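A.B. asks: Please work out how this folds:
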Amino acid sequence: MSAFNHVGQCVTDLDRSKRFYCELFDFTFEREIQPPDESSAQLMSLTPPLGMTAAYLVRDGLVLELLHYSAPDQTRPFRARTMNEPGLTHLSLSVDDVDAVCARVPDFGGEVVESTNIGAAVFVRDPDGQLLELLPMAYRKQIESRGYH
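C.D. replies: Numbering: from 1, shown residues only. Below is the predicted model:
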């Protein structure tokens, strides 16, 4: 038996990222921990010190773990990845008004990827470059009406 736990994401400014996800996308702050460097470093194949803080945000059953490393030289710079590179590519969120949310993204340190706007969907980047696909709430309602999640 298995169960979903969380999705982890490295961030460079924990407060800024919490604000981005909680105030712009209605995630709820659940908890924050500062696990010991030694066991965390071993688990993550990193060299201590880490100074790691993990903040857990929740929305619609998804738990987003924001990982922040305060020790010098622990966080690597953002590197843009394309959608056809292996690994997680993006998070997708439905919002009531895509245009209104896009207008607010820069106020929270993010960026709208204007070239991706196809009218029915658009990508934005969070303050650290993570891609988020924004879809209208009507899309989610249509999927749910067909019995999907």
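A.B. asks: make it CA atoms for all contacts and neighbour counts henceforth
C.D. replies: Fine.
A.B. asks: Show me what counts as buried in the helix or strand of the chain with the lowest mean pLDDT.
C.D. replies: Scoring the helices and strands of the chain by mean pLDDT, DSSP states H and E places helix 137-145 at the bottom, with a mean of 86. By neighbour count with 16 or more other CA atoms under 10 Å, helix 137-145 contains no buried residues.
A.B. asks: now swap in stretch 21-40 and tell me
C.D. replies: Quick answer for stretch 21-40 (16+ other CA under 10 Å): Tyr21, Cys22, Phe27, Thr28, Phe29, Asp37, Ser40.
A.B. asks: neighbouring contacts of stretch 99-110?
C.D. replies: 16, 19-20, 24, 95, 111-112, 124-129 (CA atoms under 8 Å, 6 or more residues apart in numbering).
A.B. asks: So among these, which ones count as buried?
C.D. replies: By neighbour count, with 16+ other CA under 10 Å, the contacts of stretch 99-110 hold Arg16, Arg19, Phe20, Val95, Glu111, Val112, Val124, Arg125, Asp126, Pro127, Asp128, Gly129 as buried.
A.B. asks: Just the ones of those residues in helices?
C.D. replies: Taking DSSP state H as the definition of helices, the buried ones among the contacts of stretch 99-110 contribute Arg16, Arg19.
A.B. asks: which one of the buried ones among the contacts of stretch 99-110 is nearest Pro48?
C.D. replies: Asp128 (22.6 Å; CA to CA).
A.B. asks: residue ranges of the helices in the chain, please?
C.D. replies: Using DSSP H, helices in the chain cover 14-19, 25, 37-44, 98-104, 137-145.
A.B. asks: pLDDT of the fourth one, averaged?
C.D. replies: To tie it back to what came earlier, the one meant is helix 98-104. Averaging pLDDT along helix 98-104 gives 97.
A.B. asks: Leu91 reaches Asp126, doesn't it?
C.D. replies: No: checked against CA atoms under 8 Å, the pair Leu91 and Asp126 is beyond contact range at 10.6 Å.
A.B. asks: Give me the common contacts of the two.
C.D. replies: Leu132.
A.B. asks: so where's the protein uncertain?
C.D. replies: Residues of the chain meeting the criterion pLDDT under 70: none.
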